[in-house]
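A.B. asks: using only what follows, build the 3D model:
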Amino acid sequence: MSGHSKWATIKHKKAATDAKRGRIFTKLIREITIAARVGGGDADSNPRLRTAILAAKNENMPNDNIERALQRGIGQLEGEQFEEVNFEGYGPGGVGMMVQVVTTNRNRVVSDIRHLMSKHGGNLGTTGSVGFQFQKMGVFRLEPAGINQDELELEMIDYGLEEMGESSGDKGEPQLVLRCAFENFGKLQEALEARRIAPLSAEHDYVCTTTIELPEAQATEALELIDKLEQEEDVQRVFHSLA
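C.D. replies: Numbering: from 1, shown residues only. The predicted structure follows:
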């Protein structure tokens, strides 16, 4: 029985890993498709597409998958027509949330998100009800080893850098975080590439200008809601004001 139980556990963990990998691939494919549709299929002149392709390669996505998503975005390959939309609302304790969605069915995803938020102590708001708390910015995360931070900061200011500081990654590893205005994303990205600095990630984020702290119980509820939202297939990312 112990062997059977161990095998069942292994299969369960593998299924969970495969499911997570599948969700990541789905989100990346949709981002590549949208980026190509909005900004064109030339990654050299489309910073958003270049970023999406880099993220896909970092996740070891096969080149065929990347190419098909790109071709679908520029209309050379038939497929589902994605729509990009943001939803706004509040979670437990008044945590502001911006939910970034790419979907083929707006009505369905509105219903799904409304249901999830109400089930977990939140509520879906109207456009603008939360967005004023967030600023759209370009965010780059770098491996700090070997980088002269003072020198980099002085140089990157000329390319739109607004903030630079240290943070931790998902596994607690040190990271250097650079932020710029959304419109300067491509310029800062090219400046880093010119210095042969390959970011760990380069993304368009909604950065909250005012964060709030919650008691542990409410913070746990808010994080559970965020996790549930991020597991939705149509949800690309969730931004929030939780400190």
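A.B. asks: okay, CA-based contacts and neighbour counts for the rest of this
C.D. replies: Noted.
A.B. asks: tell me how many other residues surround residue 141.
C.D. replies: 23 (other Cα atoms under 10 Å).
A.B. asks: now do the one 10 residues further on
C.D. replies: Here the count is done by other Cα under 10 Å, and residue 151 has 9 residues near it.
A.B. asks: helix or strand right after whichever helix or strand residue 202 is part of?
C.D. replies: Element membership for residue 202 (DSSP states H and E) is strand 201-208. Counting by DSSP H and E, the next helix or strand C-terminal to strand 201-208 is helix 216-230.
A.B. asks: elements contacting that next one?
C.D. replies: Other helices and strands packing on helix 216-230, by 3 or more Cα pairs under 8 Å, 6 or more residues apart in numbering; DSSP states H and E, are helix 106-119, strand 235-240.
A.B. asks: closest one to residue 23 among the ones you listed?
C.D. replies: With respect to residue 23, and counting by Cα to Cα, the nearest of the helices and strands packed on helix 216-230 is strand 235-240 at 9.5 Å.
A.B. asks: got the buried residues for the closest one?
C.D. replies: 235-240 (16 or more other Cα atoms under 10 Å).
A.B. asks: I'd like the mean pLDDT over that strand, please.
C.D. replies: What strand 235-240 shows for mean pLDDT is 94.
A.B. asks: tell me the domain ranges of the chain?
C.D. replies: The record assigns the chain these domain ranges, following automatic domain parsing: 2-73, 82-243.
A.B. asks: could you tell me the least trusted of those?
C.D. replies: domain 2-73 (a mean of 77).
A.B. asks: please state the offset of that domain from the chain centre?
C.D. replies: Taking the mean of its C-alpha atoms, domain 2-73 sits 12 Å from the chain's own mean (Cα atoms, centre = their mean, to the nearest Å).
A.B. asks: ok, now stretch 91-108?
C.D. replies: Distance, stretch centre to chain centre, for stretch 91-108: 13 Å (Cα atoms, centre = their mean).
A.B. asks: before we move on, back to that, neighbouring strands for the strand holding residue 202, and are they parallel or not?
C.D. replies: Applying DSSP bridges, strand 201-208 is found paired with strand 134-142 (antiparallel).
A.B. asks: what angle sits between the strand it pairs with and strand 235-240?
C.D. replies: Following axes from the mean of the first three to the mean of the last three Cα atoms, to 10 degrees, one obtains 110 degrees for the angle between strand 134-142 and strand 235-240.
A.B. asks: go through strand 134-142 and flag the buried ones.
C.D. replies: 134, 137-142.
A.B. asks: wait, which of the helices and strands packed on helix 216-230 is closest to residue 149?
C.D. replies: strand 235-240 (27.2 Å).
A.B. asks: and the closest one, how far out from the chain's middle?
C.D. replies: Distance of strand 235-240 from the chain centroid (Cα atoms, centre = their mean) equals 6 Å.
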